[in-house]
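Participant: Need coordinates for the below:
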Amino acid sequence: SDKKPRGRTPDQTCSMPDTKYNRLNADEDVEVVEMKENINFAHEEDDSPPWYSRITWENSQVSLVFLAFVTLRAIDRVLYKRVLDRMLNYQLMVTNFVWPIGVQIMTFAVACGWIYHHRRKGDTRYDMSFFSPTSTIASAKGAYSQFRLSFFSFFDQLNAAITTFPTPFLSQTMIGLLSNMGLVFTVFFSYLYLGTRYKQVHYIGCLLIVISGFVALTVELQTNDPPIGRYKDTNGEYHTSSFLWTLIYIVGTIPVGMGNAYKQKCLKSVDLEIMYASFWSGNWQILWGFLMYPVNWVPLPDPAPKNVPSETGDYIRRTFVCFMGTAPDPNNANDQACEARGGSAFIWFLAYLAFNVSFNVLFLWLSKRMSSTWAAVATVLCLDITSLLSMSKALQGDEAQMVTVEQYFGLVIAGVAMWVYNLDSEVYADGRDVAGHNLNGENDENTEADKNVLMLPPPSAAVGGQGSRAWAIPVKNRVIRSGSV
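Facilitator: Predicted coordinates:
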């Protein structure tokens, strides 16, 4: 009776689980311990360099060029409007004669610096033969067709010739919002001409840009107070322009889309040298400016001046008098803008040239490395900043005008549109990504890095959903990728 019963006590029976379950639990404990050790090891002994030390020109060049492009483009637009506001009676003369010649002189100076830069790096292929129309350095395949380069600038000149007329009669904010239509036409022509295929986020982004224009005009559309088309002249006085100026400006953005698509094909198809393309397309643009001068004789809405062919010689003379800051006809109200406070059109044109040439070269770089549509989307942000800079008296003088609340909302929506557009990459009809140097997908450099620049992962990426862009977290010598967490 004093003997204890054999077997396990109730306490022992409860405290000893099934052997199979005990083995599984032990394995899990080992995994947990190993994970903790790995995490502690990664935190305590990870000697990988900090993130900022891994930033190089190769993996950050698109971002840096983008930021420079946005800044230069925004200032360029503000200065250009200030020039045209002073040349109220002579806008087309500036666009078709003064502008192409002035820009080409500046482009030649920049091209000389480009040659010097390459020669210092040891590339002796860059010499004065760079300026030859048959230069073999023009592309990866040698000399490039001058006929094709002539159309490189044809669309730019056509856009300038059309949009020059309404520019003095529209506010800077309105010009920025209307210029966003260039993106819509770029998408349209790149779809037809290049075979680019877009996804829902791209169409939504373009739609948001159009909506942003209507949002900015909400008060005007509902109450007509202030009237649609109100703008400030060089003396700080308000005027109301005809709605036809708005329509003319929108028509002028159509060549922007055509030109952007054409440039992308030229740049990517043969790895075209960007500075060479800028120089020779600029030479051809001078010719296009002369050929498009007769547009100046088309009757336009008031208060635009009426010009006739018989007065062309005197018109040219008066243009240069006004350009230097003197009113050719003191009794003409529009000519008085030539003597506006803050400096002559010539002074502001010199400042404008430096920004214009720089941003045009960077636009070609972005079109070649990414796509013309991507660069056009980047232009949306440029125009947003332009609207904000237009409030500056230092840049706009008496033409400076405050941005209204609804215009702020329009600008914000345009910025969101750019964000949405970059949620996914563009592809060609055969499925190849557009980003990269070569249209045929051969010998592309940094293509993967380029495609991910400024592109945010879609919402599904957080859970590794279908179509998500992969993101990676380095932990010591291992990588955890989305979809595997």
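
Participant: Spell out the secondary structure type for residue 342.
Facilitator: Assigned with DSSP: H, G, I helix; E, B strand; the rest coil, residue 342 falls in the coil class.

Participant: This structure: strands as residue ranges?
Facilitator: For the chain, the strands defined by DSSP state E occupy 196-197, 230-232, 238-240, 427-428, 472-475, 478-481.

Participant: okay, now the closest residue to residue 273 other than its chain neighbours: neighbour count?
Facilitator: Leaving aside its chain neighbours, residue 273 sits nearest to residue 138 (5.6 Å; criterion: C-beta to C-beta, 6 or more residues apart in numbering). Backbone N, C-alpha and C define where each C-beta goes, glycine included. The local packing of residue 138 (other C-beta atoms under 10 Å) involves 23 other residues.

Participant: Adjust the sequence numbering to begin at 208 for everything that follows.
Facilitator: Right, with 208 as the first residue, what we last looked at is residue 345.

Participant: Hmm, residue 478 and residue 345 touching each other?
Facilitator: No. Using C-beta atoms under 8 Å, residue 345 is not in contact with residue 478; the gap is 9.9 Å.

Participant: Residue 279 versus the spatially closest residue to residue 585 that is not a sequence neighbour, what's the distance?
Facilitator: Using C-beta to C-beta, 6+ apart and skipping residues adjacent in sequence, the residue nearest residue 585 is residue 273, 5.9 Å away. Remark: distance between residue 273 and residue 279 (C-beta to C-beta, to the nearest Å) = 11 Å.

Participant: show me what contacts the residue nearest to residue 452 when sequence neighbours are not counted?
Facilitator: In space, and not counting its chain neighbours, residue 452 is closest to residue 373: 3.7 Å by C-beta to C-beta, 6+ apart. Going by C-beta atoms under 8 Å, 6 or more residues apart in numbering, residue 373 touches 448, 452-453, 455-456, 459.

Participant: mind running it again at 10 Å?
Facilitator: Taking C-beta atoms under 10 Å, 6 or more residues apart in numbering, we find residue 373 in contact with 298, 381-382, 385, 436, 438, 448-449, 451-459, 507-508, 511.

Participant: What lies in contact with stretch 500-514?
Facilitator: 295-300, 302-304, 365, 368-369, 371-373, 375-376, 440, 446, 448-452, 455, 515-516, 518-519, 522-523, 539-542.

Participant: Can you list the residue ranges for helices in the stretch 558-692 of the chain?
Facilitator: For the stretch 558-692 of the chain, applying DSSP state H, counting those that start in this stretch gives helices covering 579-596, 600-603, 612-628, 654-659.

Participant: Let me know which of these is tucked in deepest.
Facilitator: helix 579-596 (a mean of 24; mean count of other C-beta atoms under 10 Å).

Participant: Please name every helix or strand in contact with that one.
Facilitator: helix 264-293, helix 379-386, helix 388-396, helix 407-423, helix 461-476, helix 552-576, helix 600-603, helix 612-628 (3 or more C-beta pairs under 10 Å, 6 or more residues apart in numbering; DSSP states H and E).
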